[in-house]
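Enquirer: Coordinates only, no sequence provided:
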């Protein structure tokens, strides 16, 4: 990847550069799936966290769980989830926007005082398209999307995953970006485009 391609992964549609990584161990919890799918999801998160050189935990001391994944068949189901409106400001309005856009996934990030990721809420509506995606592929995709704050247009033209012998795997260059972003020398949050040059410099020495 060129430095410009790295920068594009974190340059939002409004032109603002913003990259953030987790500042605490990930403590995931998944709602709305059966045990086999749950294990696949947790395995994918563990694999991506290990790739990043980061950590997972059973619980977050402040939040209990800081990475929550919700599966539903209709966005309206979210309104009935107990206390979800306390975690997501304007939940009713969000549900209305998601239904109007016919979206099938959405992520909400929360950040700490340093700008590092503090929590992530992932919402997946299992429509006809998502229902056709193998569980392992969906799990890996969500893990990749949640490990960093990517641009809102980072993967609109090209998925972070590729197929190897019919199995979904993380594209090597995206894996290199993730590892570089978690280099402890780099800040947990950066909003200067020069940060992409530092990422790029570290991608070649992984």
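Expert: Received it, and whenever you're ready, just let me know what you need. Source: prediction; values computed, not measured.

Enquirer: Can you say which helix or strand has residue 153 in it?
Expert: Remark: residue 153 resides in no helix or strand, with elements defined by DSSP states H and E.

Enquirer: pLDDT score assigned to it?
Expert: Looking at residue 153, its pLDDT reads 90.

Enquirer: Residue 14 is in contact with that one, correct?
Expert: No. With contact defined as C-beta atoms under 8 Å, residue 153 does not count as touching residue 14 (10.3 Å). All C-beta atoms are positioned from the backbone trio N, CA, C, and that covers glycine.

Enquirer: the more surrounded of the two?
Expert: residue 153 (12 against 7; other C-beta atoms under 10 Å).

Enquirer: and that one, what is it in contact with?
Expert: Residue 153 is in contact with 12, 13, counting by C-beta atoms under 8 Å, 6 or more residues apart in numbering.

Enquirer: Show me what counts as buried in the longest helix seen in the chain.
Expert: Of all the segments of type helix in the chain, defined by DSSP state H, the longest one is helix 35-52. By neighbour count on 16 or more other C-beta atoms under 10 Å, the buried set for helix 35-52 is 37, 38, 40, 41, 42, 44, 45, 48, 49, 51, 52.

Enquirer: all strands of this protein, in order?
Expert: With strands called from DSSP state E, the chain shows them at 19-20, 28-31, 67-72, 105-111, 117-125, 161-164, 167-170, 189-190.

Enquirer: can you list those in CSV and add mean pLDDT and mean neighbour count?
Expert: Converted to CSV, the strands of the chain look like this (pLDDT from 0 to 100; neighbours: other C-beta atoms under 10 Å):
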stretch, mean pLDDT, mean neighbour count
strand 19-20, 98, 25
strand 28-31, 92, 19
strand 67-72, 94, 21
strand 105-111, 95, 15
strand 117-125, 96, 21
strand 161-164, 91, 12
strand 167-170, 91, 16
strand 189-190, 98, 19
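
Enquirer: Appreciated, that's everything.
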